[in-house]
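**Student:** Provided below for reference: sequence and predicted model.
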Amino acid sequence: NAGVMQNPRHLVRRRGQEARLRCSPMKGHSHVYWYRQLPEEGLKFMVYLQKENIIDESGMPKERFSAEFPKEGPSILRIQQVVRGDSAAYFCASSPYLDREQYFGPGTRLTVT
Amino acid sequence: SQQGEEDPQALSIQEGENATMNCSYKTSINNLQWYRQNSGRGLVHLILIRSNEREKHSGRLRVTLDTSKKSSSLLITASRAADTASYFCATGGGADGLTFGKGTHLIIQP
């Protein structure tokens, strides 16, 4: 059973471009979470999705950020018109149940120049 | 929202010694989890302790939970160089995700 996969591992974007981050959860896991980590900080929750549904996006900025988890394919975190402050590591995690351990991917390190 | 805060922020010990990290949180919980993050990598789940448990062991790890003080501790016994990492406690894990503290950066000196 492969772990949580994320790609790309590193992404460089110029200000104003779009960033698309992908996450494939572990097989059998229907709960997907996205987190953002700034340098020397803990992870901050962004959004929680199940297949085809956004359940809680309370941690995600209202503008420029969106997430989806389609019926087929990976979960996507999309950041439009990136700014330097979006530079961070973005982690995806999946879980088979709520209120249980989560399994994290290796992260995507986004650098905005 | 619930929040875990780890203490100390950084800890440096000799290989073979024990390392203890503490975590405090603010509201009631169903469980508390500890994760490890090696530099530049994703988080690895270490242990989950439920609110009705007081102590839990996993290999060289021992976690305690005191819900009356809203605190938890992680003890790593007989530390090894490979234990060098950042350690985070986390609460929640429901629809609003896990809430992490800033972590304890542990350095094991050979």
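**Tutor:** Nice, thanks for sending it over.
**Student:** write out the residues of chain B neighbouring chain A.
**Tutor:** Residues of chain B lying close to chain A by Cβ under 8 Å from any Cβ of the partner chain are B:30-31, B:33, B:35, B:41-45, B:48, B:88, B:92-103. Any C-beta I mention is one placed from the backbone N, CA and C, and that applies to glycine too.
**Student:** so how do I select the buried members of these in ChimeraX?
**Tutor:** Buried residues within those, by 16 or more other Cβ atoms under 10 Å in any protein chain shown, are selected in ChimeraX with:
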select /B:31,33,35,42,43,45,48,88,92,93,96,97,98,99,100,101,102,103
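**Student:** just the residues of chain B next to chain A: which are in strands?
**Tutor:** B:31, B:33, B:35, B:43-45, B:48, B:88, B:92-94, B:97-100 (DSSP state E).
**Student:** please identify which pair of these lies farthest apart.
**Tutor:** The most widely separated members of these, counting by Cβ to Cβ, are B:V44 and B:G94 (21.0 Å).
**Student:** just the ones in strands among the residues of chain B next to chain A now: which is nearest A:Y97?
**Tutor:** Closest to A:Y97, out of all of those and judged by Cβ to Cβ, is B:G93, at 9.1 Å.
**Student:** residues contacting that closest one?
**Tutor:** If a contact means Cβ atoms under 8 Å, 6 or more residues apart in numbering or on different chains, then B:G93 has A:95, A:98-102, B:31, B:33 as its contacts.
**Student:** and those, which of them are buried?
**Tutor:** Buried members of the contacts of B:G93, counted by 16+ other Cβ under 10 Å: A:95, A:99-102, B:31, B:33.
**Student:** near chain B, which residues of chain A?
**Tutor:** When proximity is defined as Cβ under 8 Å from any Cβ, chain A approaches chain B at A:4, A:33, A:35, A:40-46, A:48, A:55-56, A:58-59, A:91, A:93, A:95, A:98-107.
**Student:** show me how to select, in ChimeraX, the buried members of the residues you listed.
**Tutor:** Applied in ChimeraX, the following selects the buried portion of the residues of chain A next to chain B according to 16+ other Cβ under 10 Å:
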select /A:4,33,35,42,43,44,45,46,48,55,56,59,91,93,95,99,100,101,102,103,104,105,106,107
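**Student:** can you get me a residue count around residue 26?
**Tutor:** I went with chain A, as the question did not name one. By other Cβ atoms under 10 Å in any protein chain shown, 17 other residues sit near A:M26.
**Student:** looking at chain B here, not the other one
**Tutor:** Neighbours of B:K26 (other Cβ under 10 Å): 13.
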